[in-house]
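> Quick one: sequence and predicted model below, then my questions.
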Amino acid sequence: MDFHLARQFTKAQAIYERLLRAKPYDFQLNHLLGALRQEQGRPGEALELLEKACRLRPLSAPTFMCRGLALDSLGRHADAERSLRAAVGMDPNNFDLWGNLAAHYVIVGRMPEAIDAFKRSIALKPDYAHAWTGLGTALHLSGRPEEGVVCHTRAIELEPRQIRAHFARGQAYQACHCVAEAVADFDAQLRINPDHHQARSFRLFLLNYSAELSPEALFAEHLVYGRAIEAEVARSGGPRNFAGRVRRPGKLRIAFLSPDFRVHSVAFFIEPILRHLDRTRFEILLYHDHFAQDAMTERLRGLADVWRQFAGQASRVVEGVLREDDPDVLVDLAGHTGFNRLDLFAQRAAPVQISYLGYPNTTGLRAVDYRFTDAIADPLGAADQLHTERLVRFAPTAWAYAPPAEAPVPAPAPGGAGAPITFGSFNALSKLSPATIRLWRELLEAVPASRLLVKSVGLVPERWSRTLAAAGLDPARVELRRETAAVADHLALYAQVDVALDPFPYNGTTTSVEALWMGVPLVTLLGDRHAARVGASLLTAIGHPEWIARSPADYVRIAAGLAADQERLRSLRTGLRAELLGSPLMDHRGQAERFGAALEACCEAAFPPARALIAPLAAAIA
């Protein structure tokens, strides 16, 4: 057991297996090896041993607990809950049992029950750092990240090298839009455990907000991640080899993996493409990797030939499903945003692997073959040198937008009714870089009596009033609004905005097209990386390149000019929707056709076709 407790799993495994061969019906050995297998990420083998241990000793609460953990990793959540609740029933004063039951509730998205169970664990053992970390995570996922930070901080005070506390606090800080604090926590986590790939991945996402990092430095950071995870794959036998595979007759099997098949920006943009992909040519598999499910989830499920739920399942289990499903193409829609399965992509889960939509940069993995984009967001030449993937510029713009059915009719611009000119941004606060705030201050100075409306999820008015005031923005000229519960209410708030402002270096995407759909012009600053060129791609697609600034001074000039032209604003309020409807953004069939042609071209390059294919994008891939 000493090797096991020291996490020297290989040595512990060898001893347990040798002893178990001599005593195959020993309860303790079956339990210990089962627990070890679970810690090794091998829940199928763990469950077999733990089931045997349960039969040998039917009233062992720790064994039922470990059995529940294995069942959760296998995606058998109802069975897992029965096992975990049975364990608690056997020993209701055991803090560890309550903590693991609480962790189960987090996996299945039942946060009130998770919070209650973690609190019961802490009541039994107030210095239990693991439960404090779990409580912080449950609070964060309940929309209370500030309280989560407090709990994670308590865990770190109790156990400075607690295996996940810095990582979990970094996530909570990220949800609070405290980017510097989040990066510091991810760095601390990596000092404790340099192989914590999720911490490195979260950190990469946050680096995209930095205007100080050059595109080359940002690319180098992604390469560090890629080389680390590729080295781990090499040590475990190397990536799967699909060499010599020929194309099967019939439809291509296209799998999409995402934690965001729910009400989320990614879902808004992928739905039109999925809805219009040619089902005579493609079979669609959707893999949802999040506990949250809603009306959007149900709509997307209805578009799938195969639908699978992966939330909480171990990587080995997901890898086994992928082997059975055997897709020709696996499309990642997450990149380094939140939890992801990039480790499976590094192991080569499909013959063709593609990154699209969810992340504004390279994955850093050589096993991801292509990244779908457009020539404005990623210009030819320079951008190609900063990606491990080959860039496929499959359409005039890389996005397809489907506006919410409940979107209200655009209201008149407020400035035209005698109200002060209002500039607005409804982007995530993390995108409001210091350079962005300084430029908005200059804009307000250039347009006397104008005001700024900022709305965001997770906005704490008191804190952000201080931040904006420190940057020289007069708090009396800034209105801060929290998130709204309903989409219609969110979109209706554009009635209070004359001109929308795009942040930099990380532009908006959903917020940008929502503003345009509500008749509000958008001003963007053209940057030197994908995240800073999304606004330019969207505006070019709808025929308004004149709102793309080439310099900060140009940004102020364009925004001030729009604010001064009330006749133009009135015209845009009623006309922008028609312009979007006539653009590639809302040519859903055309975008889906272009996307499908790109998929076929990628497959043709990967393995010999069984039939002739039209591949108009072969030149873009070559």
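Ah, there it is.
> Poorly predicted segments of this structure, please.
1-3, 6, 608-622 (pLDDT under 70).
> The residue nearest the centre of it and Y359, how far apart?
Central residue of the chain (C-alpha atoms, centre = their mean): T337, 3.3 Å from the mean position. Distance check for T337 against Y359: by C-beta to C-beta, to the nearest Å, it reads 5 Å. To be clear about C-beta, it is placed using only N, CA and C from the backbone, and glycine gets the same treatment.
> Spit out the residues that contact the two alike.
Shared contacts of T337 and Y359, defined by C-beta atoms under 8 Å, 6 or more residues apart in numbering, are found at F205.
> related to what we said a few turns ago, surely the residue nearest to the centre of the chain meets L357?
No. Shown here, T337 and L357 do not form a contact pair, counting by C-beta atoms under 8 Å, at 10.1 Å.
> quick one, strands of this protein?
252-258, 282-288, 306-309, 329-332, 352-356, 370-373, 390-393, 422-425, 451-455, 478-481, 499-501, 522-525, 548-549 (DSSP state E).
> how about those, which one is nearest L36?
Proximity to L36 (C-beta to C-beta) singles out strand 306-309 among the strands of the chain, at 27.3 Å.
> partner strands of the closest one, parallel or antiparallel?
strand 282-288 (parallel) (DSSP bridges).
> in stretch 170-180, what counts as buried?
170-179 (16 or more other C-beta atoms under 10 Å).
> And stretch 469-482, by the same measure?
Neighbour-count burial for stretch 469-482 [16+ other C-beta under 10 Å]: 473, 477-478, 480-481.
> Stretch 483-490 now?
487, 490.
> That one spans what distance, first to last residue?
Across stretch 483-490, the terminal residues are separated by 8 Å (C-alpha to C-alpha, to the nearest Å).
> quick check, nearest of the buried residues of stretch 170-180 to Q8?
G170 (27.7 Å).
> I'd like the distance between that closest one and F186.
Distance from G170 to F186, by C-beta to C-beta: 5 Å.
> and for those two, which residues touch both?
199, 202-203.
> okay if I get these as a markdown table plus neighbour count?
Shown next, in a markdown table, are these (neighbours: other C-beta atoms under 10 Å):
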| residue | neighbour count |
| --- | --- |
| A199 | 24 |
| F202 | 24 |
| R203 | 24 |
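> Give me the subset of those residues that lies in helices.
199, 202-203 (DSSP state H).
> Just give me the closest of these to L522.
The closest of those, once distances to L522 are taken by C-beta to C-beta, is F202, at 28.8 Å.
> show me what contacts the closest one?
Counting by C-beta under 8 Å, 6+ apart, F202 has contacts 167, 170-171, 174, 182, 186, 336, 338.
> How about S73?
S73 neighbours (C-beta under 8 Å, 6+ apart): 38, 41, 43, 46, 312-314, 317.
> and what of I542?
516, 576, 579-580, 583, 585.
> Could you find the closest non-adjacent residue to it?
Distance criterion C-beta to C-beta, 6 or more residues apart in numbering; nearest residue to I542, sequence neighbours excluded, is S583 at 4.5 Å.
> do A407 as well
That would be L491: by C-beta to C-beta, 6+ apart, it lies 5.0 Å from A407.
> now, among the contacts of F202, which is nearest to E232?
Looking across the contacts of F202 and measuring by C-beta to C-beta, the closest to E232 is H336, at 16.7 Å.
> I figured that closest one was touching T362, is that so?
No. The criterion here is C-beta under 8 Å, and H336 misses it with T362 at 9.4 Å.
> related to what we said a few turns ago, just the buried ones among the contacts of S73, please.
Looking at the contacts of S73 with 16+ other C-beta under 10 Å, the buried ones turn out to be 38, 43, 46, 312-314, 317.
> So which of these is the closest to S265?
G312 (23.1 Å).
> The nearest residue to the closest one once chain neighbours are set aside: how many residues sit nearby?
Leaving aside its chain neighbours, G312 sits nearest to I107 (3.7 Å; criterion: C-beta to C-beta, 6+ apart). Using other C-beta atoms under 10 Å, I107 has 18 neighbouring residues.
> Please tell me how far I107 sits from P403.
Distance from I107 to P403, by C-beta to C-beta: 33 Å.
> Show me the domain layout of this protein.
Domain segmentation of the chain under automatic domain parsing yields 2-209, 252-400+591-621, 414-585.
> closest to P215 out of those?
Closest among the domains of the chain, using C-beta to C-beta: domain 414-585, at 4.7 Å.
> mind checking the end-to-end distance for that closest one?
27 Å.
> cool, and stretch 478-493?
15 Å.
> chain center to it: distance?
23 Å (C-alpha atoms, centre = their mean, to the nearest Å).
> residue boundaries of the helices in the stretch 451-600 of the chain?
Secondary structure of the stretch 451-600 of the chain by DSSP state H, counting those that start in this stretch: the helices cover 461-470, 487-492, 510-517, 534-541, 552-564, 566-581, 588-606.
> nope, the stretch 301-450 of the chain is what I was after
Going by DSSP H, counting those that start in this stretch, the stretch 301-450 of the chain shows helices at 315-325, 342-346, 434-446.
> Any chance of JSON lines for the buried ones among the contacts of S73, columns distance to F345?
Converted to JSON lines, the buried ones among the contacts of S73 look like this (distance: C-beta to C-beta, whole Å):
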{"residue": "Q38", "distance to F345": "24"}
{"residue": "P43", "distance to F345": "21"}
{"residue": "A46", "distance to F345": "25"}
{"residue": "G312", "distance to F345": "19"}
{"residue": "Q313", "distance to F345": "16"}
{"residue": "A314", "distance to F345": "16"}
{"residue": "V317", "distance to F345": "16"}
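> Among those, which pair sits farthest apart?
Farthest pair in these, by C-beta to C-beta: A46 and G312, 14.8 Å.
> Now that the residue nearest to A407 has come up, it's in contact with P404, right?
Yes. The pair L491 and P404 passes the contact test of C-beta under 8 Å, sitting 7.0 Å apart.
> quick one: which of the two has more around it?
L491 (21 against 15).
> residues contacting that one?
404, 406-408, 514, 517-518 are the contacts of L491 under C-beta under 8 Å, 6+ apart.
> residues contacting F95?
Taking C-beta under 8 Å, 6+ apart, one finds 121-122, 124-125, 128, 131 in contact with F95.
> which residues sit in contact with the nearest residue to F256 once chain neighbours are set aside?
Excluding the flanking residues, the one nearest F256 by C-beta to C-beta, 6+ apart is V331, at 4.7 Å. By C-beta under 8 Å, 6+ apart, the contact set of V331 is 254-257, 353-356.
> and which of those is nearest to L303?
The closest of these, once distances to L303 are taken by C-beta to C-beta, is F256, at 10.1 Å.
> Can you report how many residues lie near the closest one?
The burial count for F256: 25, using other C-beta under 10 Å.
> now E298
For E298, using other C-beta under 10 Å, the count is 11.
> Report the separation between it and R262.
10 Å.
> Also R533?
27 Å.
> Same question for F595.
21 Å.
> Looking at the two, which is more packed in?
Neighbour count, other C-beta under 10 Å: between F595 and R262, F595 has more, with 27 against 19.
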